[in-house]
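K.L.:
sharing a sequence plus its predicted fold:
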Protein chains: 2
Amino acid sequence: MHANLRARSPVWKGDTVTTPPGLRERKKQATREALREAALRLALERGPDQVRVEDIAEAAGVSPRTYNNYFASREQAIVAAVTADREARIAAAIATRPAGVRLADAITEAVIQQYTDPGEHDPEVLLLITSRTTLRDAFLDTTAGIEPPLTAVIAERLGDAGAHTARVLAASVAAAVRIALEGWLRPDGTAGTAGSFGAGGLVVPSGSLPDQLRAALAPLAPAFDAAERRRLEH
Amino acid sequence: MHANLRARSPVWKGDTVTTPPGLRERKKQATREALREAALRLALERGPDQVRVEDIAEAAGVSPRTYNNYFASREQAIVAAVTADREARIAAAIATRPAGVRLADAITEAVIQQYTDPGEHDPEVLLLITSRTTLRDAFLDTTAGIEPPLTAVIAERLGDAGAHTARVLAASVAAAVRIALEGWLRPDGTAGTAGSFGAGGLVVPSGSLPDQLRAALAPLAPAFDAAERRRLEH
DNA sequence: CAGGAAAAGTGCGTGCACGCAAATTTGCGC
DNA sequence: GCGCAAATTTGCGTGCACGCACTTTTCCTG
């Protein structure tokens, strides 16, 4: 825990003074990352069930109690190692896209870009995540994290009047993404609650992830179009 | 656990033979309900923090271990007492509506009807739920339960080709409902993650629940319309 | 109505989540 | 550098979630 954490002096970035994060903040992020990576590494080495919170904490050089100050469950740390800064990158990806294109398309492509990009892991990590239901669920839950950035970006396009709409659409996108991911890393049998529905037959042959995402987001496009249209009509 | 649970003989309902649930199933439901009600009653009497799982189990006449065979968390039982058979009622409510009206309207009205109807409790119960964050969250999580029935009903309207779409739209509705409920029983300050957004200003003056629901569902209407239209155009 | 399979209930043991109240570390003005 | 307020870490204690193996109950069939 004594890495190169020096440096500290006002810095000009863009046109505003950006006081760089102090020791406090830097250490906090360092600890968070240490926990993430320790969790993932141990899970890969021993198998996810052979890793206790105590082990992760020890490997990261903090107390077990501190672990829970950073992550609310044992799975979160492992999953976080994969999804790390996805939220920030999605926001950036959408912001980058030209303002001319349909909002629906911009979002779809940005999302695909993020979830397709191999976070420099992937080959073995995906097997790990799918291997345990609790990990799979924790992973799917991270889609909720893209809501805030999406809301911000959508709201910006729709103007103040659409703030409400933006929130709903962002949540819908997150839900769609979740569904796409579910379908993608489905181990096999449609174990899920088929309810008063299932008996029919299998629905999706589990295409590639980009295809699944496109298919899941397509039904929402009309809602985005309508929102943008309303924006133009004041 | 020795209530009036007799009766058993084939019954004709509609035009198919409906074997009534055996003792097994009836007892299971009885236990589930006993747990729900015990949980709610104790929480109201003593306050939610003064009720341990052990207490609920004892009041319902089962072992603590059995409690967790029915509910995965302490809060679920309490919340379930309020949301009991909402899922089934939503499905029925939508099915009842005339096939002529817009799908979006049918769903909106059905949802409002369900969430408006005072489940024969409400006055004090709402205060209970809002009093603790964990209870509030558990309550909001129950909105996920309306997805399966919604999916089934929507899929029926859209035909086989729309099964995929149905799933996404149902999830979007659930997300919108969740947002509406969040806004409705918001205790006060926008504590939530404002992210790169908040600083602007307050957005919603927290109207009535039906209004919140309508507002949250409205942005999705175009998506429903488009789906229905596509259905007609084969 | 006997008997055995299937399902629900139970007890136990383990690891985990988290409130609380010290102890420790960091930020910052003097 | 000094010292204090604020933030963070830590230990402890409690209750909880759940896998597993075992007992009890319900169901069905001959």
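P.N.:
Structure received.

K.L.:
my guess is residue A:207 is in a strand, correct?
P.N.:
No: secondary structure assignment (DSSP: H, G, I helix; E, B strand; the rest coil) places residue A:207 in coil, not in a strand.

K.L.:
that one - nearest residue in space that isn't next to it in sequence?
P.N.:
Sequence neighbours aside, residue A:215 is the residue nearest to residue A:207 in space, at 7.7 Å (criterion: Cβ to Cβ, 6 or more residues apart in numbering or on different chains). Yep, even glycine has a C-beta here, placed from its N, CA and C like the rest.

K.L.:
show me what the helix or strand the one you found falls within is packed against.
P.N.:
Element membership for residue A:215 (DSSP states H and E) is helix A:209-217. In this structure, helix A:209-217 packs against helix A:103-116, helix A:163-184, helix B:163-184, with contacts taken as 3 or more Cβ pairs under 8 Å, 6 or more residues apart in numbering or on different chains; DSSP states H and E.

K.L.:
make a markdown table out of those and add mean pLDDT.
P.N.:
Converted to a markdown table, the helices and strands packed on helix A:209-217 look like this (pLDDT from 0 to 100):
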| stretch | mean pLDDT |
| --- | --- |
| helix A:103-116 | 94 |
| helix A:163-184 | 97 |
| helix B:163-184 | 97 |
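
K.L.:
next, format those as TSV and append distance to residue A:143 and mean neighbour count.
P.N.:
Listed next are these as TSV, based on distance: least, Cβ to Cβ, whole Å; neighbours: other Cβ atoms under 10 Å in any protein chain shown:
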stretch	distance to residue A:143	mean neighbour count
helix A:103-116	9	20
helix A:163-184	4	24
helix B:163-184	11	24
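
K.L.:
just to check, residue A:53 is in contact with residue A:69?
P.N.:
No: under the criterion of Cβ atoms under 8 Å, residue A:53 is not in contact with residue A:69, lying 11.9 Å apart.

K.L.:
comparing the two, which residue is more hemmed in?
P.N.:
In terms of neighbours (other Cβ atoms under 10 Å in any protein chain shown), residue A:53 is the more surrounded of residue A:53 and residue A:69; the figures are 17 against 13.

K.L.:
contacts only, for that one.
P.N.:
Residue A:53 makes contact with A:64, A:67-68, A:74, according to Cβ atoms under 8 Å, 6 or more residues apart in numbering or on different chains.

K.L.:
can you flag the buried ones in those residues?
P.N.:
Burial of these was assessed by neighbour count (16 or more other Cβ atoms under 10 Å in any protein chain shown); the buried members are A:67, A:74.

K.L.:
in helices, which of the contacts of residue A:53 fall?
P.N.:
With helices taken from DSSP state H, the overlap with those comprises A:64, A:67-68, A:74.

K.L.:
give me the nearest residue to residue A:83, chain neighbours excluded.
P.N.:
residue A:142 (4.6 Å).

K.L.:
near that neighbour, how many other residues are there?
P.N.:
By the measure other Cβ under 10 Å, the count of residues near residue A:142 is 19.

K.L.:
need the pLDDT of residue A:100.
P.N.:
The pLDDT attached to residue A:100 in the predicted structure is 83.

K.L.:
can you classify it as helix, strand or coil?
P.N.:
Of the three states, residue A:100 takes coil under three-state DSSP.

K.L.:
what sits against residue A:229?
P.N.:
Taking Cβ under 8 Å, 6+ apart as the definition of contact, residue A:229 has no neighbours.

K.L.:
just checking, what packs against the lengthiest helix in chain A?
P.N.:
When chain A is parsed with DSSP H, its longest helix is helix A:23-46. With contacts taken as 3+ Cβ pairs under 8 Å, 6+ apart, helix A:23-46 sits against helix A:53-60, helix A:64-70, helix A:74-83, helix A:123-131.

K.L.:
so where is chain A shaky, pLDDT-wise?
P.N.:
Counting by pLDDT under 70, chain A has low-confidence residues at A:1-23, A:119-120, A:187-206, A:234.

K.L.:
and it, what are its domain boundaries?
P.N.:
Using automatic domain parsing, the domain ranges for chain A come out as A:11-82, A:85-187+A:203-232.

K.L.:
which of these sits closest to DNA strand D?
P.N.:
Nearest to DNA strand D among the domains of chain A is domain A:11-82; the distance by Cβ to the nearest atom of the strand comes to 3.2 Å.

K.L.:
not counting residues beside it along the chain, what's closest to residue A:227?
P.N.:
For residue A:227, the nearest residue in space outside its immediate sequence neighbours is residue A:165; the separation is 5.3 Å by Cβ to Cβ, 6+ apart.
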